[in-house]
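In: Fold the following and give me the result.
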Amino acid sequence: MSNFTAISSQEALEIIEGGAIVADIRDASSFSSGRINGAVSLSNENLQQFIDETEFEQPIIVCCYHGVSSQSAAAFLCERGYEKVYSLNGGFEGWALGMPDHVERG
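Out: Coordinates of the predicted model:
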């Protein structure tokens, strides 16, 4: 079983440019207000669909508000067999401050 890796926004950007999926676990309202470019909303309602449709080799970056809840979600995905799982340090808030050109709004 693999473990997730906590990464900075800069490291995340490089992994995203390499084809990673960004799984945003914030609530739907926060997600619709702003998210990392190309992120998908991941919740209890669509978790099984995400697991069914995502390859275990696909890199996944888990994003929350501040980088705390994403650690538990990343560990959960590792337990399910995903091999390249990352937790975004600072969460979306840190990303939005450091990478404003890589944020979708509205």
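
In: Going by C-alpha atoms from here, please, whenever you check contacts or count neighbours.
Out: Noted.

In: any idea which helix or strand carries the residue most central in space within the chain?
Out: Nearest to the mean C-alpha position of the chain, by Cα atoms, centre = their mean, lies Val62 at 2.3 Å. For Val62, the host element (DSSP states H and E) is strand 60-63.

In: In PDB, list the C-alpha atoms belonging to that strand.
Out: What follows is strand 60-63, C-alpha atoms only, in PDB (Å, rounded to 0.1, in the frame of the first residue of the first chain):
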ATOM      1  CA  ILE A  60      -4.400  12.600  -8.000                       C
ATOM      2  CA  ILE A  61      -4.000  15.800  -6.100                       C
ATOM      3  CA  VAL A  62      -6.500  16.200  -3.300                       C
ATOM      4  CA  CYS A  63      -7.400  19.800  -2.400                       C
END
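
In: Partner strands of it, with direction?
Out: strand 21-24 (parallel), strand 85-88 (parallel) (DSSP bridges).

In: can you list the residues that contact that strand?
Out: The contact list for strand 60-63 (Cα atoms under 8 Å, 6 or more residues apart in numbering) reads 12, 20-26, 70-71, 73-74, 84-88, 91-92.

In: where's stretch 89-98 relative to the chain centroid, distance-wise?
Out: Offset of stretch 89-98 from its chain centre (Cα atoms, centre = their mean, to the nearest Å): 12 Å.

In: And the longest helix belonging to the chain, what's buried?
Out: Taking DSSP state H as the criterion, the chain has its longest helix at helix 69-79. Buried residues in helix 69-79, counted by 16 or more other Cα atoms under 10 Å: 69-71, 73-75, 77-78.

In: I'd like the distance from that helix to the chain centre, please.
Out: 10 Å.

In: hang on, the earlier thing: any idea of the mean pLDDT in the strand holding Val62?
Out: Averaging pLDDT along strand 60-63 gives 98.

In: Check which residues of that strand are buried.
Out: Residues of strand 60-63 classed as buried by neighbour count (16+ other Cα under 10 Å): 60-63.

In: quick check, nearest of those residues to Phe31?
Out: Cys63 (10.5 Å; Cα to Cα).

In: okay, now the nearest residue to the closest one once chain neighbours are set aside: neighbour count?
Out: Once flanking residues are discounted, Cys63 sits nearest to Asp24: 4.7 Å by Cα to Cα, 6 or more residues apart in numbering. For Asp24, the count of nearby residues is 24 (other Cα atoms under 10 Å).
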